[in-house]
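Trainee: Next come a sequence and a model predicted from it.
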Number of protein chains: 2
Amino acid sequence: MPAHDPSLDRTLHAIADPTRRRILQALKGPTRDAGSVNCLCAGDIEERMKLSQPTISHHMAILTKAGLVEATKQGQWRWYRRNERAIRTMVKVLRGAL
Amino acid sequence: MPAHDPSLDRTLHAIADPTRRRILQALKGPTRDAGSVNCLCAGDIEERMKLSQPTISHHMAILTKAGLVEATKQGQWRWYRRNERAIRTMVKVLRGAL
DNA sequence: TTCCTAGATTGACAGGTGTCGATTTTCGAG
DNA sequence: CTCGAAAATCGACACCTGTCAATCTAGGAA
């Protein structure tokens, strides 16, 4: 564990914003399609968060760069899903960094 | 766990800054007096962080308001120490909020 | 009282951040 | 090809944040 971990810095900065934590919560479901994996496209998130489309795009870029969510492009949609492994790792690393 | 926890907001914001995480690490010791509890006064922290005195005062206020460190005033010194219980609780709450 | 010291407070500055409207890009459908 | 929809990017705005120099406050020592 380096004294100044840039990766922890990014994840912690991503998590520090309440809107982005709400987005992570929303990605836990429920989704529209009950049988599918817990995925939401940007439009769904925009509707749930009641924020403008550019704002959602901005937050999703930060969450993705931090590695906390993953996105798969399918047609003109981008399906976002939580990266549970990265989330668990980040909590673990954080405990060691405090 | 409220949807928007102001307390988690404060602790997370406090932790998000790398300088404040370094201060928390410094408070783990070693201190000057080997036999004493792990306490540092503002001047000690200022020296270790190599930052100006007002900057340290600013960071200590944020960490104290977040409850992550406690301070006891003794004479003209303020001795800061980690609030281990609050730190553990914050990690626990965070895991539930993600 | 008058110094001196530790720390808090103030004021200012540069840089970062969340938000939105407008525009652009990137797809699929006809 | 053109058209429409989804998302990214751009530009601007208000607000916040980390930092420091200067000043103020509080407490001990003389």
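Mentor: It's in. Numbering: from 1, shown residues only, chains lettered A, B, ... in the order given.

Trainee: can you list contacts of stretch A:54-61?
Mentor: Stretch A:54-61 is contacted by residues A:17, A:19-20, A:23, A:42, A:45-46, A:49, A:69, A:71, A:78, A:80 when judged by CB atoms under 8 Å, 6 or more residues apart in numbering or on different chains. All C-beta atoms are positioned from the backbone trio N, CA, C, and that covers glycine.

Trainee: my bad, stretch A:67-76
Mentor: Against stretch A:67-76 from outside (CB under 8 Å, 6+ apart): A:7, A:10-11, A:14-15, A:23-24, A:27, A:60, A:63-64, A:78-83, A:86-87, A:90.

Trainee: coming back round to it: tell me which entries of the contacts of stretch A:54-61 lie within helices.
Mentor: A:19-20, A:23, A:42, A:45-46, A:49 (DSSP state H).

Trainee: now, among the residues you listed, which is nearest to DNA strand C?
Mentor: Taking CB to the nearest atom of the strand as the measure, DNA strand C lies nearest residue A:19 of the ones in helices among the contacts of stretch A:54-61, at 4.3 Å.

Trainee: quick one: contacts for the closest one?
Mentor: Counting by CB under 8 Å, 6+ apart, residue A:19 has contacts A:49, A:51, A:59.
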